[in-house]
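Q: return atomic coordinates for the entry below.
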Amino acid sequence: MSEHEITYLTDVALLTVVVQVGRAEDILKAAREIGAVTGAIGFRANGVGARERLGVLGVAVEAEREVLSILVATDQADAVMDHLYRGGGLDTPGAGYIYVTSLEKVAAYIPKSMRERLDAS
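A: Alright, predicted model coming up:
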């Protein structure tokens, strides 16, 4: 069994950004600019919407999207969301969308040396 302590973070929000394939790098660049990327998870997903039903003869067209999940401090979520929205070009039709989910608790391992530095500041 590990002797490492689990650190529970309680003031955390999850930003989820859904964009067209190839646009995730714009979002990550905007996140880096504002200092929000300590770790982002990205994956591809398929979705269905009104646009996808407009394929040839009404046959659904596969709609692949990129999804990014970024953890941020709750008190910074609005500022980061605004920056990602504008910096990632989500203010244009069909570019994608972003939403915030409040998280009750996040468990993470933080090394003792880093915890001591954080406690000292």
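
Q: I110: how many residues sit nearby?
A: Neighbourhood size, I110 [other Cβ atoms under 10 Å]: 13. Glycine gets a C-beta too; all of them are placed from N, C-alpha and C.

Q: can you check E64 too?
A: E64, neighbours per other Cβ under 10 Å, totals 10.

Q: how close does the nearest residue to it once chain neighbours are set aside sit to G87?
A: Spatial nearest neighbour of E64, excluding adjacent residues (Cβ to Cβ, 6 or more residues apart in numbering): V21 at 5.3 Å. According to Cβ to Cβ, to the nearest Å, V21 stands 19 Å off from G87.

Q: kindly report the same for Y109.
A: Y109 is 31 Å from G87, by Cβ to Cβ.

Q: looking at these two, which has the bigger crowd around it?
A: The neighbour comparison of Y109 against G87 (other Cβ under 10 Å) goes to G87, with 17 against 10.

Q: all helices for the protein, in order.
A: 24-34, 77-87, 112-120 (DSSP state H).

Q: can I get those helices in TSV including distance to E66 and mean pLDDT?
A: Below are these laid out as TSV (distance: least, Cβ to Cβ, whole Å; pLDDT from 0 to 100):
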stretch	distance to E66	mean pLDDT
helix 24-34	4	91
helix 77-87	13	94
helix 112-120	31	81
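
Q: okay, the ones you listed in CSV with distance to L71 next?
A: Shown next, in CSV, are the helices of the chain (distance: least, Cβ to Cβ, whole Å):
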stretch, distance to L71
helix 24-34, 11
helix 77-87, 10
helix 112-120, 16
